[in-house]
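Trainee: Got a predicted structure here, sequence first:
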Amino acid sequence: MNPDKNDRLESGVEPASNNPSSRISLETNIESGDGMKRAAAKHMIERYYTQLTDGCGNEHCDNIHCRSSQSFSLEASDRNALAVHALQLFQKKAELCEGQPTKKTRRPVQEQGDNQSVQSLSLLVPEEKPSTSNFSPVTEVKQIQSAANDVKFLTEDKLVKIIEQCKKDSDWSKLIKIIGAVYNNPESLVLSFRKKDDVTLPKEYRRAMEEDVDKDKDENETEMEEDSKFPIQESESMDNNDSTTIDELSRDLSRELQCPVQDTEGVVSPHDKHVTVDIPSVRRAYAALMEIPDLPFQGALINALLYLSRNVELEIRYQKPLQYDNNYLNIFIIVMEIPLLHSPEFIDNAFPEFCKTLGSLPVHGQAKLAAVWSTYGTEKLQKMVQSLQQLITVKIINDESRWGRGYYVNDVGAITGATKVLKILYYASLFGSERDPSDIVAEEKEINETEDNLHELLQGAVGHEPKELKQPKEDPLAKEMKITPVDYRKPLVAYEDFINEPLNDYLEIDVDYKYRIDSEDKFSFTDYSFIMTTASKHMSMYFDNRVRMFNERRTSILQTLVHGLPPMPFLRLRVRRDHVIDDALVALEMVAMENPPDLKKQLFVEFDGEQGLDEGGVSKEFFQLVVDEIFNPDFGMFTYSEQTHQFWFNPMSFENDGQFTLIGIVLGLAIYNSTIVNVRLPSVVYRKLMGKKGTFQDLKDVDPTLASSLQQMLDYEGDDLEETFMQTFSVSQVDVFGTTINHMLKDKGDHIPVTNDNRKEFVSLYADYILNKAVQKQFRAFKRGFDLVSNESPLRLLFRPDEIELLVCGSEHFDFNALEETTEYDGGFTVDSPVIRHFWEILHDFPEEQKRQWLQFTTGSDRVPIGGLSKLKLIITRNGPDSDRLPTAHTCFNVLLLPDYCSKEKLRERLLKAITYSKGFGML
């Protein structure tokens with residue numbers, strides 16, 4: 001016995017064809033009825049093609065589809081385009097000239113051009129000489145005919161019968177062999193589990209599905225005898241076939257010619273969710289397999305997937321099969337349905353290899369897959385996401401000891417491949433969920449474009465030539481699918497389910513940032529930000545902002561050297577503590593008018609009369625002082641809600657647009673300089689900063705009472721809504737002087753009552769007025785200032801609106817146990833020092849307000865940083881022996897200095913006094 005053959009039987013894997021690029025020809029049994037029809041169709045297309053390339057030879061020809069005609073308009077077209085046009089003429093049954101020169105027709109093949117593959121022509125009837133390349137996109141017809149007879153494919157019925165037969169014989173070798181043969185061969189999987197009404201499936205395979213028996217020699221002979229009784233002449237076949245048959249023959253021949261038919265099926269549309277694979281049938285087939293004890297086919301399936309992954313990756317790389325066969329995606333749909341993908345045996349090798357192959361699909365293929373998967377529903381998508389997350393986590397943990405010493409998660413193909421597949425599922429989750437109404441999205445786009453143009457005009461008005469901004473690149477898959485994540489409020493799978501915590505623990509953000517900036521060949525998780533935590537994304541943006549600060553600093557130094565300008569490497573603000581608003585806003589207004597790019601320099605704040613050197617801590621206090629005063633309701637720019645404890649724009653404010661613009665600049669600078677401020681704004685503000693409009697869904701964040709009243713109106717089931725609510729399309733507001741101001745939601749709205757029929761319109765218009773129109777002037781100026789700082793930042797691509805709120809305000813969760821675990825000690829203190837033990841006992845006993853005061857004293861902010869207090873990197877150092885000195889802090893570096901107090905009571909008394917009276921900066 002041949003040992004190699006025996007090994008293949010045990011593994012269940014038969015090697016794929018010597019030419020993995022070959023496609024199954026439809027010319028098998030050419031003498032049969034189907035074969036003769038195809039032969040006739042092929043001959044007709046050859047005639048059309050020859051007519052287009054060589055003409056009929058009649059110089060007086062008046063056929064516009066003939067090269068000999070004076071009216072022929074395709075002289076400039078290449079032969080590939082003419083081949084496609086010949087298929088179109090065949091479909092339309094266009095006119096054919098009588099006389100044509102006798103010449104062998106040649107078919108398109110792939111050749112390497114300068115920048116892309118182009119189509120040339122090879123003989124339709126090939127020479128007997130075999131191909132010399134294993135990966136030629138054209139396989140000789142005789143080889144295809146021979147291979148077609150050997151191709152195996154699966155259906156649900158066939159698989160169930162094989163299982164039953166193997167169970168009856170107590171021998172699973174047949175199942176093992178068929179699983180291995182089908183799953184290692186791309187052609188077999190493309191044909192497997194097809195819908196019975198699939199018109200793109202070759203007739204011989206549809207017949208096999210219906211009969212569910214293999215054709216033996218006798219059956220073939222019987223069919224040929226029957227077909228021979230009805231010889232089909234060329235003219236008859238063309239005249240009698242209906243349009244469906246003609247379209248089918250065109251598609252079949254286009255696959256053989258390896259050029260796409262120019263119809264809707266030749267283009268992979270991300271919005272086309274139709275597939276030819278019968279997904280419910282696939283799932284039932286897998287369920288039948290999973291009922292087999294001990295899963296004897298598992299080894300064969302694993303080996304087959306390894307072969308399949310390598311073959312498919314080569315085909316995708318060199319042949320671009322999706323250009324001529326949409327059904328090629330069936331491979332990925334069928335394999336991703338395998339219930340065992342999350343098992344250790346598959347995670348070890350087969351699943352990662354397949355993920356790498358799937359991730360190599362062209363963008364339009366990934367978009368089509370995302371559209372298909374978006375129909376699966378939440379439960380199925382979650383299981384797929386969990387399988388991929390398990391793969392990533394296992395790979396991270398297995399190599400835990402290797403990370404960080406020149407070995408990075410970005411370089412592990414199993415992890416990056418799974419992340420690429422997760423991105424397809426991420427957009428499938430968005431695509432399958434409810435999107436904001438199209439009219440609102442279109443209106444938002446128009447408003448944003450108008451404001452961008454206005455911003456450029458304003459810059460020109462003050463004498464600045466608007467420079468071309470270096471915008472962060474848009475995700476190609478999102479662009480292909482025309483998806484903007486912020487348009488989807490609630491995806492099928494929660495955003496948090498896509499985040500992988502172990503990955504973020506070992507992700508080197510500096511390396512990831514370098515990979516993104518320096519090399520297009522390297523993998524950067526920043527381009528797959530859905531898998532990153534908010535803290536990791538914030539650190540990535542921190543690097544981006546720091547690099548931009550250094551570039552601005554370098555530009556300033558060059559201007560000083562070249563033009564002799566005074567050096568201004570920083571955005572320097574000198575303010576008086578008792579006039580912080582006046583000084584800060586005047587200085588920022590001058591910068592915004594004279595040179596807006598200076599806002600992207602590193603901020604450096606000096607308090608007049610104080611010696612503190614700004615390494616971050618002084619800026620923190622500056623932002624907090626500005627925010628506290630600006631958002632004071634007495635200032636009149638914002639209103640405060642006792643119900644929500646949040647601020648909202650005052651529609652009756654007397655301040656000019658410039659004041660709101662400067663507030664936007666302050667908020668943008670806080671994010672740009674990685675400073676957390678205590679700004680309590682509704683979530684809708686951050687959605688509006690991302691270019692969205694406020695809707696009724698957002699109203700509860702601004703005015704819960706009004707939102708509840710409007711919801712009661714929507715839920716009212718009686719027929720007397722008009723008499724019950726007595727409301728018209730006119731609303732009123734009270735200004736600061738107590739005067740009532742009426743506003744018409746529609747023209748003559750005070751004469752239009754709200755009824756059952758128009759109540760939804762009323763609610764929508766009322767919410768639009770409160771959230772958008774009433775504060776349009778104030779918010780537009782506020783957003784303009786914010787964009788002056790963040791217009792080149794990756795902020796909008798990396799973060800969702802709720803995450804931007806975290807960037808501004810920080811977390812609300814005070815976990816001082818996590819802080820204790822991550823704190824470091826210096827100057828002689830250790831975790832077991834009496835003072836340290838007393839300190840943590842005192843701090844844990846503080847009420848929340850005193851904990852906030854301690855945070856403000858130690859770090860310069862009473863807000864919890866993104867990622868929690870464990871990210872604070874607190875250092876407690878010994879500041880001499882026992883004394884009456886108060887504790888001090890370096891807020892720039894989160895360093896707390898404690899004398900070695902002799903008792904717990906003394907430590908408490910000194911610490912409380914320090915945090916209660918802690919304003920101002922001085923030199924120690």
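Mentor: Here it is on my side, so go on. All figures in this text were calculated on a predicted structure; none of them were measured in a lab.
Trainee: contacts, neighbours, all on C-alpha from now
Mentor: Noted.
Trainee: Any buried residues in stretch 859-874, and which?
Mentor: Buried residues in stretch 859-874, defined by neighbour count with 16 or more other C-alpha atoms under 10 Å: 859-870, 872, 874.
Trainee: from the residues you listed, which single one is nearest E610?
Mentor: Ranked by distance to E610 (C-alpha to C-alpha), those are led by G860 at 15.8 Å.
Trainee: how far away is that closest one from K760?
Mentor: Here G860 is placed at a distance of 48 Å from K760 (C-alpha to C-alpha, to the nearest Å).
Trainee: follow-up on the earlier one: and the furthest pair within the buried residues of stretch 859-874?
Mentor: Of all the pairs that the buried residues of stretch 859-874 form, the one spanning the most space (C-alpha to C-alpha) is G860 and G867, at 17.6 Å.
Trainee: sorry, back to before: pLDDT added to the buried residues of stretch 859-874, as a markdown table?
Mentor: Listed next are the buried residues of stretch 859-874 as a markdown table, based on pLDDT from 0 to 100:
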| residue | pLDDT |
| --- | --- |
| T859 | 82 |
| G860 | 74 |
| S861 | 74 |
| D862 | 75 |
| R863 | 75 |
| V864 | 80 |
| P865 | 79 |
| I866 | 78 |
| G867 | 75 |
| G868 | 79 |
| L869 | 83 |
| S870 | 78 |
| L872 | 79 |
| L874 | 89 |
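Trainee: Out of those residues, which is nearest to F647?
Mentor: Distance to F647 across the buried residues of stretch 859-874 (C-alpha to C-alpha) is lowest for R863, with 17.5 Å.
Trainee: Quick check: that closest one touching H813?
Mentor: No. Contact between R863 and H813 fails when scored by C-alpha atoms under 8 Å: they sit 9.4 Å apart.
Trainee: Do you know the pLDDT at T264?
Mentor: With respect to pLDDT, T264 scores 33.
Trainee: sorry, that was for V493
Mentor: V493 carries a pLDDT score of 96 in this model.
Trainee: So, low pLDDT: which residues of this protein?
Mentor: Scanning the chain for pLDDT under 70 picks out the ranges 1-39, 80, 99-151, 198-272, 452-472, 565-566, 611-616, 735-738, 918-924.
Trainee: Apply 50 and report the result again.
Mentor: Residues of the chain that meet the criterion pLDDT under 50 lie in 1-10, 13-33, 101-151, 213-247, 249-251, 253-268, 460-466, 468-469, 920-924.
Trainee: Strands along that one, start to end?
Mentor: 106-112, 117-123, 570-575, 602-607, 638-641, 646-649, 730-734, 740-744, 824-826, 875-878, 888-890, 895-898 (DSSP state E).
Trainee: closest one to I334 among these?
Mentor: Proximity to I334 (C-alpha to C-alpha) singles out strand 106-112 among these, at 28.6 Å.
Trainee: ok, back up a step: what is in contact with R863 and H813 at once?
Mentor: Here R863 and H813 share no contacting residue, scored by C-alpha atoms under 8 Å, 6 or more residues apart in numbering.
Trainee: Next up, the contacts around V486.
Mentor: Contacts for V486 (C-alpha under 8 Å, 6+ apart) come out as R687, M690, K692, R800, P801.
Trainee: What's the local residue count around the closest residue to E552 other than its chain neighbours?
Mentor: Distances taken as C-alpha to C-alpha, 6 or more residues apart in numbering place K601 nearest to E552, at 5.8 Å, with adjacent residues excluded. Taking other C-alpha atoms under 10 Å as the criterion, the count of residues near K601 is 25.
Trainee: can you check D845 too?
Mentor: Applying other C-alpha under 10 Å, we find 10 residues neighbouring D845.
Trainee: contacting residues around the closest residue to F550 other than its chain neighbours?
Mentor: Counting by C-alpha to C-alpha, 6+ apart, K601 is the residue found nearest to F550 once chain neighbours are left out, at 7.8 Å. Residues counted as contacts of K601 (C-alpha under 8 Å, 6+ apart) are R548, M549, F550, E552, R553, P569, F570, L571.
Trainee: these two touch, right, I741 and Q733?
Mentor: Yes. Counting by C-alpha under 8 Å, I741 touches Q733, with 5.2 Å between them.
Trainee: Between the two, point out the one with more neighbours.
Mentor: A count of neighbours by other C-alpha under 10 Å puts Q733 above the other of I741 and Q733, at 13 against 10.
Trainee: Might you report the residue contacts of the more buried one?
Mentor: Taking C-alpha under 8 Å, 6+ apart, we find Q733 in contact with T740, I741, N742.
Trainee: On the strand side of things, show who the first one bridges to.
Mentor: Per DSSP bridges, the residues bridged to T740 are V734.
Trainee: Just give the number of residues close to it.
Mentor: 12.
Trainee: just S732 next, same as before
Mentor: S732: 11 surrounding residues under other C-alpha under 10 Å.
Trainee: Please report how far the closest residue in space to it that isn't next to it in sequence lies from Q646.
Mentor: Spatial nearest neighbour of S732, chain neighbours left out: N742 (4.2 Å); criterion: C-alpha to C-alpha, 6+ apart. N742 sits at a distance of 25 Å from Q646 (criterion: C-alpha to C-alpha).
Trainee: Tell me which of these two has more neighbours.
Mentor: Between N742 and Q646, Q646 has the larger neighbour count (other C-alpha under 10 Å), namely 18 against 12.
Trainee: which of the contacts of K601 tops the neighbour count?
Mentor: Counting by other C-alpha under 10 Å, top hit in the contacts of K601: M549 with 23 neighbours.
Trainee: for that one, what are its contacts?
Mentor: The contact partners of M549, taken as C-alpha under 8 Å, 6+ apart, are K600, K601, Q602.
Trainee: please redo it, this time with the cut-off set to 10 Å
Mentor: Counting by C-alpha atoms under 10 Å, 6 or more residues apart in numbering, M549 touches 543, 555, 569-571, 598-603, 672-673.
Trainee: Same question for T724.
Mentor: Applying C-alpha under 10 Å, 6+ apart to T724 gives the contacts M713, Y716, G718.
Trainee: Return the residues in contact with the second one.
Mentor: In this structure, Y716 makes contact with L710, T724, N756, judged by C-alpha under 10 Å, 6+ apart.
Trainee: in the lengthiest helix in the chain, what counts as buried?
Mentor: Counting residues, the longest helix in the chain under DSSP state H turns out to be helix 534-563. Neighbour counts over helix 534-563 (16+ other C-alpha under 10 Å) mark 534-546, 548-550, 552-553, 556-557 as buried.
Trainee: How about stretch 747-761?
Mentor: Per 16+ other C-alpha under 10 Å, stretch 747-761 contains these buried residues: D750, P753, V754, T755, N756, R759, K760.
Trainee: The first one contacts M744, correct?
Mentor: Yes. With contact taken as C-alpha atoms under 10 Å, D750 and M744 are classed as touching, separated by 6.7 Å.
Trainee: Can you pull the residues that touch both of the two?
Mentor: Counting by C-alpha under 10 Å, 6+ apart, the residues touching both D750 and M744 are T728, F729, S730, V731.
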